[in-house]
Each structure stands twice: as C-alpha cells, then as structure tokens.
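Asker: Structure, please.
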Amino acid sequence: ITEARWIADTLAALRPDAPCYLARNGLDKDIFAPLEQVPINAEEPLRVLVEGSPSAWFKHVHQAVEAASAMREPHHVTIVCADRAALGEVAADQIVGPLSHREMASLYARTDVVLKLSSVEGMSGPPLEGFHRGATCVVTPVTGHEEYVEHGWNGLLTDWDDLRGTARQLDL
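Answerer: Numbers count the residues shown, from 1 in each chain. Now for the predicted structure:
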C-alpha cells in the first residue's frame with residue numbers, strides 16, 4: 001500500500017506477482033479547510049513560501065531560495081524548516097519552524113505561492129495543502145506532481161536546475 005500512483009506502478013513493475021494498492025493522501029479539512037474566497041493580493045509583494053529540510057539534497061531548499069531571490073518583481077520569502085543550522089545564511093525575509101499543522105495552515109492562507117523544487121517525493125503535500133488555503137504553486141515535475149498540478153491551471157511547472165526560469169515563473 002502506497003501513497004502515490006508512480007510508486008504503485010513502480011512496485012507493480014518490480015513485483016508483478018505482488019498486489020500493489022494506492023491509498024491517496026488526504027488532508028484534514030478541519031485544519032486545512034478550503035477558503036470560501038481567496039483574497040487577492042494586489043497591494044503587497046508576492047508572498048513566496050519555501051518549505052523543506054535543507055539537509056535533504058533532493059528537497060533543493062537552497063535552490064528555491066536562490067530562485068526566489070532572483071525575482072525582479074517585489075517579493076517576500078518565508079522559509080519553513082526545522083533545521084536552521086543546515087539552512088545557514090540565506091536571503092529570506094522570514095524563517096520559521098518547526099510549525100504545527102494548524103500553524104502551517106494559517107501560514108498557507110497568508111501565502112500567494114508555494115515554491116517546491118524537489119527532485120523526488122512520494123506525494124508532495126505542501127502544494128496540495130497550499131491549494132486548500134488559497135495559494136498556488138511553482139513546482140518541478142517531481143514524481144507524483146501530475147496527480148494534482150496542472151501547468152497553467154492551478155500552478156506552474158518549472159525545470160530542474162533552471163533558477164532564472166523559476167524566477168521568471170514566480171514573476172509571472
């Protein structure tokens with residue numbers, strides 16, 4: 001039993017004799033309650049949220065911060081991470097964490113864009129959590145993204161290792 005279609009398909013290919021089941025991730029709607037109406041942020045800088053463990057190479061937290069820093073449009077970058085020592089010196093307006101689920105839900109509601117540049121995920125939860133609280137996303141085509149991100153509709157896809165292109169996506 002796994003959380004993402006791509007993992008179930010991989011396991012089935014490796015072990016065609018073993019049953020493989022998908023149990024989609026869900027969100028606690030008491031915590032990540034969808035907003036009735038998404039407030040439009042036309043007055044303030046774009047509020048960008050970067051979440052992840054900076055010590056996990058495949059999360060690409062430092063690259064996400066670098067891409068946001070390369071934006072031309074006004075922006076406010078918040079980083080959520082529990083391991084500040086691994087984060088080191090970065091260009092961010094706010095660094096918070098660790099946060100409870102309720103605190104994250106509140107932060108997502110004050111966020112315009114969740115920036116997630118992971119190269120591997122089971123099912124990347126932060127963009128989906130952000131959707132429920134009114135944010136959109138800029139993400140890499142990480143494993144499992146196709147289950148909930150449609151480029152140009154509810155988020156934007158960016159290429160790996162393209163920090164300038166990612167900054168342009170954020171500026172859009």
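Asker: Spit out the contact partners of W6.
Answerer: T143, G144 (C-beta atoms under 8 Å, 6 or more residues apart in numbering). Yep, even glycine has a C-beta here, placed from its N, CA and C like the rest.
Asker: any chance you could read off phi and psi for it?
Answerer: W6 adopts backbone torsions of phi -60, psi -30, taken as degrees, to the nearest 10.
Asker: again, but for the one 3 residues further on
Answerer: Listed backbone geometry of D9 is phi -60, psi -40, with angles given as degrees, to the nearest 10.
Asker: cool, Y108 as well?
Answerer: Backbone torsions of Y108, given as degrees, to the nearest 10, read phi -60, psi -40.
Asker: my guess is it meets E129, correct?
Answerer: Yes - the pair formed by Y108 and E129 meets the contact definition of C-beta atoms under 8 Å, at 5.8 Å.
Asker: what do those two both touch?
Answerer: Common contacts of Y108 and E129 (C-beta under 8 Å, 6+ apart): F32, V114.
Asker: Now do the closest residue in space to E147 that isn't next to it in sequence against P39, distance only.
Answerer: Nearest residue to E147, sequence neighbours excluded (C-beta to C-beta, 6 or more residues apart in numbering): R5, at 6.1 Å. Distance, R5 to P39, by C-beta to C-beta, to the nearest Å: 33 Å.
Asker: what do you get for R110?
Answerer: 9 Å.
Asker: quick one: which of R5 and P39 has more around it?
Answerer: Between R5 and P39, R5 has the larger neighbour count (other C-beta atoms under 10 Å), namely 15 against 10.
Asker: What distance do you get for that one to R110?
Answerer: 31 Å.
Asker: now swap in A86 and tell me
Answerer: Counting by C-beta to C-beta - A86 and R110 are separated by 25 Å.
Asker: These two: which is more packed in?
Answerer: Using other C-beta under 10 Å, the more surrounded residue of A86 and R110 is R110, with 16 against 13.
Asker: and the more buried one, what is it in contact with?
Answerer: Contacts of R110 (C-beta under 8 Å, 6+ apart): R47.
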